[in-house]
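**Q** Got a predicted structure plus its sequence, pasted below:
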Amino acid sequence: MNARINGLLAELPEAEFEFFAPHLKRVSLTKGQTLFSQGDKPSHVYYPVGAIVSLMIDNQAGDSTESFILGKSCMVGVATLGEPSFYRAQVRHSGLAYQLPVSVLLQAREHCPAYFRNAMKVVNRMVMQLTQAVFCSKRHGLEQQLIRWLLVNLDRGVSNTIEVTHQEISELLGFRREAITLNLKKMTERNEVCVRRGVLEVLDRQSLEARSCDCYWTAMQRQRPVEHQVALPASVTGIQMTERQNMAVTHDL
Ligand SMILES: [Zn+2]
């Protein structure tokens, strides 16, 4: 698989990519694998080209929550260059990535100005997406947050399947598992998704997009397609906090 499937590497001028290329090592990441933990100074950064990685925040009581999802448009470790990580990087979906030593990345600061300009844009985009996700988690209900989470996962990966169980979605989004199961059942009846053991396949992305709240489109800096500009239910525009567990709010864009 080509390293330039990753958006950050794809945007590099040829001369800068040649600086990186000899040091990039293709690795296969497995769901559940921890790339580095909170407090670690990572020795490598990762450019996903199929794998999806969650940035997890752990508290002292042993609770964990997902703060962000990274995939093929970004780099895992973007905010930890030589500094201790404030999150745990855990593989959410198995797949390939390209690994680069942090020492090489630090050297690149002198040789690769385009890379660091692009990396800054990526960080800015992450902050904007995180901000939008906070809004969504406070203003929109489970169905919209679940749809947004599914769409973001599709965007971060390279297939229409996500390795995830109802229980994991419950923990990631902070809603009861029963509520997740009920919503996925409705989506299944609409032929939008197919849920098998530990694998969720999205069958009709367009239908999910049509029912998504504006948070997804704003965060992606994309216009909602004209054919999707349908009247959304009142619950999407008003405060809806039903079914939430007494858990930390998660932000997953
Ligand atoms: Zn929303």
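**A** That came through, no problem. In this text, all values refer to a predicted model and were calculated from it rather than measured experimentally.
**Q** Neighbours of the closest residue to residue 73 other than its chain neighbours, how many?
**A** Closest residue to residue 73 apart from its sequence neighbours, by CB to CB, 6 or more residues apart in numbering: residue 7 at 3.9 Å. Where C-beta positions appear, they are placed from N, C-alpha and C, glycine not excepted. Using other CB atoms under 10 Å, residue 7 has 17 neighbouring residues.
**Q** Now residue 7. Its backbone dihedrals?
**A** Here is the backbone geometry of residue 7 (degrees, to the nearest 10): phi -60, psi -40.
**Q** Make sure it is actually in contact with residue 74.
**A** Yes. The criterion here is CB atoms under 8 Å, and residue 7 meets it with residue 74 at 7.1 Å.
**Q** Flag every residue of this structure that's near the ion.
**A** Counting by CB under 5 Å from the ion, the chain comes close to the ion at 136, 140, 144, 213, 215.
**Q** Now, these that are in strands?
**A** Under the assignment DSSP state E, the residues of the chain next to the ion contribute nothing to strands.
**Q** State which helix of this structure is the longest.
**A** Determined from DSSP state H, the single longest helix within the chain is helix 113-139.
**Q** Can you mark which positions in it are buried?
**A** By 16 or more other CB atoms under 10 Å, the buried positions in helix 113-139 come out as 115, 118-119, 122, 125-126, 129-130, 132-133, 136-137, 139.
**Q** ok, now stretch 12-25?
**A** 12, 16-17, 19-20, 23-24.
**Q** Just put these in TSV and tack on secondary structure.
**A** Below are the buried residues of stretch 12-25 laid out as TSV (DSSP: H, G, I helix; E, B strand; the rest coil):
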residue	secondary structure
12	coil
16	helix
17	helix
19	helix
20	helix
23	helix
24	coil
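**Q** can I get those residues in JSON lines with pLDDT?
**A** Listed next are the buried residues of stretch 12-25 as JSON lines, based on pLDDT from 0 to 100:
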{"residue": "12", "pLDDT": "93"}
{"residue": "16", "pLDDT": "95"}
{"residue": "17", "pLDDT": "95"}
{"residue": "19", "pLDDT": "94"}
{"residue": "20", "pLDDT": "94"}
{"residue": "23", "pLDDT": "96"}
{"residue": "24", "pLDDT": "97"}
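**Q** Tell me the one of the residues you listed nearest residue 110?
**A** residue 19 (10.1 Å; CB to CB).
**Q** Which residue comes closest to the closest one once chain neighbours are left out?
**A** In space, residue 19 is closest to residue 111, 5.4 Å off (CB to CB, 6+ apart).
**Q** That neighbour reaches residue 13, doesn't it?
**A** No. Using CB under 8 Å, residue 111 makes no contact with residue 13, being 11.3 Å away.
**Q** residues in contact with the residue nearest to residue 73?
**A** The contact partners of residue 7, by CB atoms under 8 Å, 6 or more residues apart in numbering, come to 72-74.
**Q** 10 Å - rerun?
**A** Residues near residue 7 by CB atoms under 10 Å, 6 or more residues apart in numbering: 47-49, 71-75, 118, 122.
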